[in-house]
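Participant: Following is a predicted model, sequence given first.
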Amino acid sequence: MDIMSRVRENEPLIHCMTHAITMNDSANAILAVGGSPTMASHPQEVEEIVEAADSLVVNLGNINEERLEAMKIAGEKAHERGIPLLLDAVGVACSTLRLVYAQQFIEHNRPQIIKGNSSEIRTLCGLTAHAHGVDAGAEDAVTAENFAGDARAFGQYARQHGAVLLVTGPVDLVTDGETTLGIANGTPLLGRLTGTGCMVGALAGTWHACGPSLAAAALGTAVLGIAGEEAAKDCPGLGTFHIRLLDALSNLTGEKVAEKVKMVGAVA
């Protein structure tokens, strides 16, 4: 049984600690593919809730003091209990506070998947980055031409931290330092709708509950990209696209994903 089928069969509990801007879309994305989301972020309850979860997703977007404390508690509990853990390093390329927090979180809690756009991951790797706020700079994008070089740079960081890197952009790069995949599904409309990057993290975290880190990360970005392509067909505007995106997520199958995925590079 593939990971997508296992999620629909088992309905894993995904504790997704994201922010108010994207909370509704992330929860609905998890539900659309068969998971069961919880979104609690109060420091006094998060440890108890994480203990019951099958996977934890921690998202650094739109942070505040209470969420920083709660994410620290949750990450420590997930690490202690061996619960699959994904860190979405939103904003680390434009905020020293978030960068230092992410570095400490990674060091202490060893997330198996670290997600970010190309500028955020370049910043974590100590490389020059050109972020535009929380968005990636065009100069940092992974392309077919620079794929091999980025695979080496990101792969070294992945090996050092025992993690899978999920790097989003026009070409998504997923690497554990040994195997690197390039995935080119998507539509420009995804970049015009807030929260779609956070949805990738929520989806990858859902499949992380039922499968290995590399496969879960690759599936997270491929599925949202394919769903975006389906939703964009003859679409009159962003409002319709938003609704159609959820429809497409709820109807995608493993067979459809295997048929539609666009692999642009692989290094092993």
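Facilitator: Structure received. Since this is a predicted model, take the numbers as computed values, not measurements.
Participant: Am I right that residue 116 is in contact with residue 92?
Facilitator: Yes. Residue 116 lies in contact with residue 92 (C-beta atoms under 8 Å); the separation is 6.8 Å. Bear in mind the C-beta positions are built from the backbone N, C-alpha and C, glycine included.
Participant: hey, what's in contact with both of those two?
Facilitator: residue 124 (C-beta atoms under 8 Å, 6 or more residues apart in numbering).
Participant: Geometric centre of this structure: which residue is closest?
Facilitator: Ranked by distance to the mean C-alpha position of the chain (C-alpha atoms, centre = their mean), the top residue is residue 201 at 2.2 Å.
Participant: I'd like the next helix or strand past the helix or strand harbouring residue 68.
Facilitator: In this assignment (DSSP states H and E), residue 68 forms part of helix 65-81. Following helix 65-81 in sequence order, the next helix or strand is strand 85-88 (DSSP H and E).
Participant: can you list contacts of that next one?
Facilitator: With C-beta under 8 Å, 6+ apart, strand 85-88 has contacts from 18, 55-61, 75, 78-79, 102, 105-106, 109-116, 197-198, 201, 204-205, 208.
Participant: Give me the buried subset of these.
Facilitator: 18, 55-61, 75, 78-79, 102, 105-106, 109, 111-116, 197-198, 201, 204-205, 208 (16 or more other C-beta atoms under 10 Å).
Participant: Give me the subset of these lying in strands.
Facilitator: 55-59, 113-116 (DSSP state E).
Participant: Let me have the residues you listed in JSON lines, extended by pLDDT.
Facilitator: Formatted as JSON lines, these follow (pLDDT from 0 to 100):
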{"residue": "55", "pLDDT": "98"}
{"residue": "56", "pLDDT": "98"}
{"residue": "57", "pLDDT": "98"}
{"residue": "58", "pLDDT": "98"}
{"residue": "59", "pLDDT": "98"}
{"residue": "113", "pLDDT": "98"}
{"residue": "114", "pLDDT": "98"}
{"residue": "115", "pLDDT": "98"}
{"residue": "116", "pLDDT": "97"}
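Participant: And the strands in the protein, which stretches?
Facilitator: Here the chain has its strands, by DSSP E, at 13-17, 36-38, 55-59, 85-88, 113-117, 164-168, 172-175, 180-183, 263-267.
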